[in-house]
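J.: just the structure for this:
(one chain, ligands or ions: 2)
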Amino acid sequence: MNSTTENRGALDLRKAGSPGAFARGFVTDFRRFLLKYAAVPYLRIRRQAQPLRIASQVVFALITISIGWHFGSWVSYLGDSTSTPAIRPPGVEAFLPISALISLKQWALTGVINEIHPSGLVIFLLILLTGLFLKKGFCSWICPVGLFSEFLGRLRLFTFKTRKNYVLPKWLDWPLRSIKYLLLWFFLNAILVHMSLDKIETFVNSPYNRVADIKMMMFFTDISQFALNVMFWLVVLSFVIPYFWCRYLCPYGALLGILSVFSPVKIRRNTETCTDCEACSKVCPAAITVHKLKAVTSDECHACLKCVDSCPVNDTLNLGAVKKGFQIRPHVYAFSLAILFAGGIGLAQITGNWHNGISLDEYRMHCANIDSPIYTHSRGDVASYEEGLNSGITVEEAERKRLEMKDLRIADDEYTPGDGNNYGN
Ligand code: SF4
Ligand code: SF4
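T.: Residues are numbered from 1 along each chain as shown. Ligands and ions are numbered 1, 2, ... in the order given. Model (predicted):
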């Protein structure tokens with residue numbers, strides 16, 4: 001690098017003969033700096049959605065990992081009050097969509113947001129709102145499963161040195177796609193149609209629902225061989241067939257797909273400037289023939305914007321709202337998603353609908369007894385809270401049980417964490 005290049009972009013003090021010249025030089029250099037390190041990347045993000053989308057997916061995946069980590073620490077703290085104190089992250093309730101759907105019906109019938117899993121309902125509502133106003137963007141901008149599916153798809157392309165996604169033939173694709181709608185129908189029918197208010201309130205307050213988040217964690221920390229096999233095959237299938245879980249099995253995706261049909265936001269093609277190059281259709285992971293459509297109304301479109309990024313003709317393919325010519329740039333879309341979530345969670349906190357109302361002592365009592373049948377359900381039938389209290393143990397008994405278990409574990413060389421009664425470590 002010669003000295004001229006080296007000095008370009010840096011303050012040239014030799015030219016700064018007067019304070020005015022010095023200030024002008026400073027402003028010029030500062031503008032160059034802004035252009036290089038802020039404006040150019042900003043303009044690129046304005047046009048290209050993928051870096052921003054992947055950044056959004058990674059941020060939400062890190063938030064999910066952090067929630068899982070804090071929740072695990074809190075469960076350990078429940079069992080051992082002498083360990084480092086931890087706080088239960090309310091965001092963990094995002095993983096209880098069935099409980100959230102039941103809470104939604106309870107809220108609709110009574111106007112009350114229950115205090116067992118309030119944040120679960122808040123997050124569920126926010127996700128539904130994204131589907132209604134911002135298409136299925138939750139799936140490709142936020143959901144960690146979507147990120148993992150995309151990673152497996154890319155791994156496949158890399159492994160087989162190909163750029164072509166494998167798509168199942170239509171005669172198999174259509175029936176498989178209906179599976180997620182059947183699963184969704186099963187839950188909607190069982191909860192929204194057949195569950196009476198009495199049954200809903202029994203479920204919401206049941207011992208099972210109170211510890212549903214802990215039971216979910218136990219499902220993964222003490223995973224059965226059958227569940228492991230299922231997960232293994234889902235990973236293999238997602239590697240071979242892009243987005244296997246999302247496209248064929250996820251009932252959440254099915255619900256968002258239905259809502260997204262009514263969304264005012266759609267991928268829109270300008271038929272006058274389109275050259276029919278088909279680049280958009282070739283990159284679409286949902287196998288939508290974008291180049292033949294004026295607007296993408298498909299329930300499978302998850303607003304990944306890959307088609308928009310790939311279009312070689314400016315302003316021909318865009319994410320737009322109902323009004324013709326109203327474009328939504330990727331950074332505005334990402335910002336809208338972030339604002340919706342941050343605003344909704346902030347509102348829930350202000351109105352006292354974020355943290356649940358179960359005390360630490362009550363959690364300790366449940367955890368010491370969690371292997372009891374009281375903390376299970378049979379096809380949605382659960383023991384009532386009163387039954388739970390009658391058969392449960394007191395906080396003092398729970399503490400005694402915890403200490404006994406701790407002594408047992410110290411004596412037992414073969415103890416492995418995650419074995420059945422490990423609560424209270
Ligand atoms: S139509 Fe475009 S935004 Fe929708 S899934 Fe296909 S590539 Fe993504
Ligand atoms: S990539 Fe753009 S120009 Fe090519 S077919 Fe699609 S909309 Fe038309």
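J.: got a list of what F95 touches?
T.: Contacts for F95 (C-beta atoms under 8 Å, 6 or more residues apart in numbering) come out as 213, 216. Using the backbone N, CA and C atoms, a C-beta is placed for each residue, glycine as well.
J.: so how far is ligand 2 from it?
T.: As judged by C-beta to the nearest ligand atom, to the nearest Å, F95 and ligand 2 stand 38 Å apart.
J.: retrieve the pLDDT associated with the residue of the stretch 101-250 of the chain found nearest ligand 1.
T.: Closest residue of the stretch 101-250 of the chain to ligand 1, C-beta to the nearest ligand atom: S140 (7.0 Å). We have a pLDDT of 95 for S140.
J.: check I45 too.
T.: Reported pLDDT for I45: 54.
J.: for the spatially most central residue of the chain, grab phi and psi.
T.: Geometric centre of the chain, nearest residue: C143, 3.1 Å, by C-alpha atoms, centre = their mean. Backbone torsions of C143, given as degrees, to the nearest 10, read phi -60, psi 120.
J.: list the contacts of it.
T.: C143 makes contact with F60, according to C-beta under 8 Å, 6+ apart.
J.: which parts of the stretch 301-425 of the chain sit against ligand 2?
T.: Within the stretch 301-425 of the chain, the positions near ligand 2 by C-beta under 6 Å from any ligand atom are 310-311, 313, 316-317.
J.: alpha carbons only: can I get stretch 194-209 in PDB?
T.: Taking Å, rounded to 0.1, in the frame of the first residue of the first chain, the C-alpha atoms of stretch 194-209 are listed here in PDB:
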ATOM      1  CA  HIS A 194     -65.200 -29.700  23.100                       C
ATOM      2  CA  MET A 195     -63.600 -28.300  26.200                       C
ATOM      3  CA  SER A 196     -66.100 -26.700  28.600                       C
ATOM      4  CA  LEU A 197     -65.300 -23.800  30.800                       C
ATOM      5  CA  ASP A 198     -65.300 -26.000  33.800                       C
ATOM      6  CA  LYS A 199     -62.800 -28.400  32.200                       C
ATOM      7  CA  ILE A 200     -60.700 -25.500  31.100                       C
ATOM      8  CA  GLU A 201     -60.400 -24.100  34.600                       C
ATOM      9  CA  THR A 202     -59.700 -27.500  36.000                       C
ATOM     10  CA  PHE A 203     -56.900 -27.900  33.500                       C
ATOM     11  CA  VAL A 204     -55.400 -24.400  33.900                       C
ATOM     12  CA  ASN A 205     -55.200 -24.800  37.700                       C
ATOM     13  CA  SER A 206     -54.200 -28.500  37.700                       C
ATOM     14  CA  PRO A 207     -51.000 -29.600  39.300                       C
ATOM     15  CA  TYR A 208     -49.900 -30.900  35.800                       C
ATOM     16  CA  ASN A 209     -50.400 -27.500  34.100                       C
END
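J.: tell me the buried residues in it?
T.: 195, 200-209 (16 or more other C-beta atoms under 10 Å).
J.: rebuild the residues you listed as JSON lines, extending it with secondary structure and pLDDT.
T.: Formatted as JSON lines, the buried residues of stretch 194-209 follow (DSSP: H, G, I helix; E, B strand; the rest coil; pLDDT from 0 to 100):
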{"residue": "M195", "secondary structure": "coil", "pLDDT": "93"}
{"residue": "I200", "secondary structure": "helix", "pLDDT": "93"}
{"residue": "E201", "secondary structure": "helix", "pLDDT": "91"}
{"residue": "T202", "secondary structure": "helix", "pLDDT": "88"}
{"residue": "F203", "secondary structure": "helix", "pLDDT": "90"}
{"residue": "V204", "secondary structure": "helix", "pLDDT": "92"}
{"residue": "N205", "secondary structure": "helix", "pLDDT": "88"}
{"residue": "S206", "secondary structure": "coil", "pLDDT": "87"}
{"residue": "P207", "secondary structure": "helix", "pLDDT": "86"}
{"residue": "Y208", "secondary structure": "helix", "pLDDT": "89"}
{"residue": "N209", "secondary structure": "helix", "pLDDT": "91"}
